[in-house]
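J.: Below is the structure, and that's it, no one-letter string:
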């Protein structure tokens, strides 16, 4: 039977996730207070824009997903709010909806790990999938831009203070943790015979870390010499990526407004890293994306070198060192691409959608499943009211798994 198992490792990731989120919030407040005390009002404004914008975006997706499920709650924490929709809406308006999800996942995770009950495990995996996607959105709308901001400040001022360094390191750690948990969520859809080992997650983490580091460094270098033009660069790039997301015909959300919000979010993610949003052979799209981003990284580093040679800022770097730095950033991206090729050659299984765990046409190795349990084992149930059992497969994340492993 296609049951989604909730392992002790998954429980560990769940337990670590909430403290890291609270730590990140504390560092955000610390950084904002530090900017205010130093009179760095421009940096403070950018930081607040990132924090508020990212929080609102995450709350919007959380509310959409609750509404798609007709506000049917699976945990005791959430069930307490099931008859209090106004309170649930107020929590989302107050930017606290994500904490309700975290508390619910932590509760069901403890229950599933202690009882090893199949239904509890299915719900734990289901809710963890949603939380993983929300973390991806938060990471690329808040943490990644914050890394650029902190690196830009370091480059402009030429000094390392404790708050800036801690915030930059914390944001990078959040990005790395998010990438790892997302990969683990995708792995849960694989059949047992195609299980990926820990080494695949390590390689996946490394090539994402290299590509992201190169991209973020290139943006920070450019922003340190032309701070106003970085916003122009982002807007123009985002519009191109938004057009591509629209033309890709994404089908992730269950409402028109939600789908357009998702496409806008995908365009934001693409500004920093590749994210597969449609099923099928995506090799050509991936090659085109990485080719364009590599060219963009090279141009950004080239502009930085040119400014260092012709009109250096307060913290100037000799042209030779600047050229070596720029070449190193580009080489870092190339190295990340080579590791990505190695991952797809050695670790990444290419499966059809019916081969994924929970697929509608999957033959469950001779097991006969009838009644509500069949609904529990399959993702593509069209009528939610047909089953009173908790869904063991997250349809939204299964779409992403079909894209990820196609």
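T.: Yes, it's here. Because the structure is predicted, anything quoted here is derived from the model rather than measured.
J.: which secondary element of the protein has the worst mean pLDDT?
T.: Ranked by mean pLDDT, DSSP states H and E, the weakest helix or strand in the chain is helix 372-377, scoring a mean of 33.
J.: Quick check: residue 24 vs residue 219, distance?
T.: Here the criterion is Cβ to Cβ, to the nearest Å. By it, residue 24 lies 20 Å from residue 219. Using the backbone N, CA and C atoms, a C-beta is placed for each residue, glycine as well.
J.: which one of the two has more residues nearby?
T.: residue 219 (25 against 18; other Cβ atoms under 10 Å).
J.: Report pLDDT for the more buried one.
T.: With respect to pLDDT, residue 219 has a value of 96.
J.: Let me know the distance separating it from residue 45.
T.: 18 Å.
J.: how about the helices in the stretch 301-406 of the chain?
T.: In the stretch 301-406 of the chain, the helices defined using DSSP state H, counting those that start in this stretch lie at 319-346, 372-377, 395-404.
J.: Can you tell me which of those helices is nearest to residue 249?
T.: Comparison of the helices of the stretch 301-406 of the chain against residue 249 by Cβ to Cβ identifies helix 395-404 as nearest, at 12.1 Å.
J.: returning to what we had before: looking at the helices of the stretch 301-406 of the chain, which is nearest to residue 304?
T.: Nearest to residue 304, of these and by Cβ to Cβ, is helix 319-346 at 6.3 Å.
J.: Report the mean per-residue pLDDT for that closest one.
T.: Per-residue scores along helix 319-346 average to 91.
J.: what's the answer for stretch 185-204, then?
T.: 68.
J.: residues contacting the most centrally placed residue in the chain?
T.: Central residue of the chain (Cα atoms, centre = their mean): residue 136, 1.6 Å from the mean position. By Cβ atoms under 8 Å, 6 or more residues apart in numbering, the contact list for residue 136 reads 178, 182, 269, 275.
J.: So what's the gap between stretch 233-240 and the chain middle?
T.: 19 Å (Cα atoms, centre = their mean, to the nearest Å).
J.: how about the residue lying closest to residue 250 once chain neighbours are set aside, secondary structure?
T.: Distances taken as Cβ to Cβ, 6 or more residues apart in numbering place residue 277 nearest to residue 250, at 5.0 Å, with adjacent residues excluded. With DSSP: H, G, I helix; E, B strand; the rest coil as the basis, residue 277 sits in coil.
J.: shouldn't residue 277 be in contact with residue 247?
T.: No - the pair residue 277 and residue 247 does not pass the contact test of Cβ atoms under 8 Å, sitting 11.2 Å apart.
J.: Which one's more surrounded, the two?
T.: More crowded of residue 277 and residue 247, by other Cβ under 10 Å: residue 277, with 22 against 9.
J.: Is residue 73 in contact with residue 81, as I believe?
T.: Yes - under the criterion of Cβ under 8 Å, residue 73 makes contact with residue 81 at 6.8 Å.
J.: What separation do you get for residue 110 and residue 75?
T.: Residue 110 is 10 Å from residue 75, by Cβ to Cβ.
J.: no wait, residue 129
T.: Per Cβ to Cβ, residue 129 is found 14 Å from residue 75.
J.: Please identify which of these two sits among more neighbours.
T.: residue 129 (25 against 22).
J.: do you know how far that one is from residue 395?
T.: Distance check for residue 129 against residue 395: by Cβ to Cβ, it reads 10 Å.
J.: Then residue 289?
T.: From residue 289 to residue 395 the distance is 26 Å (Cβ to Cβ).
J.: what do you get for residue 313?
T.: 50 Å.
J.: Residue 153 is in contact with residue 46, isn't it?
T.: No - using Cβ under 8 Å, residue 153 is not in contact with residue 46; the gap is 10.1 Å.
J.: the more surrounded of these two?
T.: Applying other Cβ under 10 Å to residue 153 and residue 46 shows that residue 153 carries more neighbours, namely 22 against 19.
J.: List the buried residues of the helix or strand harbouring the more buried one.
T.: Using DSSP states H and E, residue 153 sits within helix 144-157. In terms of neighbour count (16 or more other Cβ atoms under 10 Å), helix 144-157 has its buried residues at 144-156.
J.: Could you do stretch 248-261 as well?
T.: For stretch 248-261, by 16+ other Cβ under 10 Å, it's 250, 252, 253, 258, 259, 261.
J.: Among those, which lie within helices?
T.: 258, 259, 261 (DSSP state H).
J.: Near residue 244, how many other residues are there?
T.: Residue 244, neighbours per other Cβ under 10 Å, totals 17.
J.: For it, give me its contacts.
T.: 267, 270.
J.: model confidence over the strand or helix carrying it, on average?
T.: According to DSSP H and E, residue 244 maps onto helix 229-247. Mean per-residue pLDDT for helix 229-247: 95.
J.: centre of the chain versus it, how much separation?
T.: The chain centroid and the centroid of helix 229-247 are separated by 18 Å, computed with Cα atoms, centre = their mean.
J.: How about stretch 253-272?
T.: 13 Å.
J.: do stretch 131-145 as well
T.: Taking mean C-alpha positions (Cα atoms, centre = their mean), stretch 131-145 and its chain are 4 Å apart.
J.: Over to stretch 48-66?
T.: Per Cα atoms, centre = their mean, the centroid offset for stretch 48-66 relative to its chain is 13 Å.
J.: Where does the record place the domain boundaries for this protein?
T.: Per the record, the chain has its domains at 1-195, 197-348, by automatic domain parsing.
J.: circling back: which of the helices of the stretch 301-406 of the chain sits closest to residue 86?
T.: helix 395-404 (25.5 Å).
J.: now whichever strand or helix holds residue 54 against helix 395-404, angle please.
T.: Element membership of residue 54, judged by DSSP H and E, is helix 41-68. Following axes from the mean of the first three to the mean of the last three Cα atoms, to 10 degrees, one obtains 110 degrees for the angle between helix 41-68 and helix 395-404.
J.: elements contacting the next helix or strand after helix 41-68?
T.: Once the chain leaves helix 41-68, the next helix or strand it forms, by DSSP H and E, is helix 76-82. Helix 76-82 sits against helix 85-93, helix 97-115, with contacts defined as 3 or more Cβ pairs under 8 Å, 6 or more residues apart in numbering; DSSP states H and E.
J.: Please identify the deepest-packed of those.
T.: helix 97-115 (a mean of 19; mean count of other Cβ atoms under 10 Å).
J.: Could you report the distance from the closest residue to residue 334 other than its chain neighbours to residue 45?
T.: By the measure of Cβ to Cβ, 6+ apart, the closest residue to residue 334 outside its immediate chain neighbours is residue 294, 7.3 Å from it. Per Cβ to Cβ, residue 294 is found 32 Å from residue 45.
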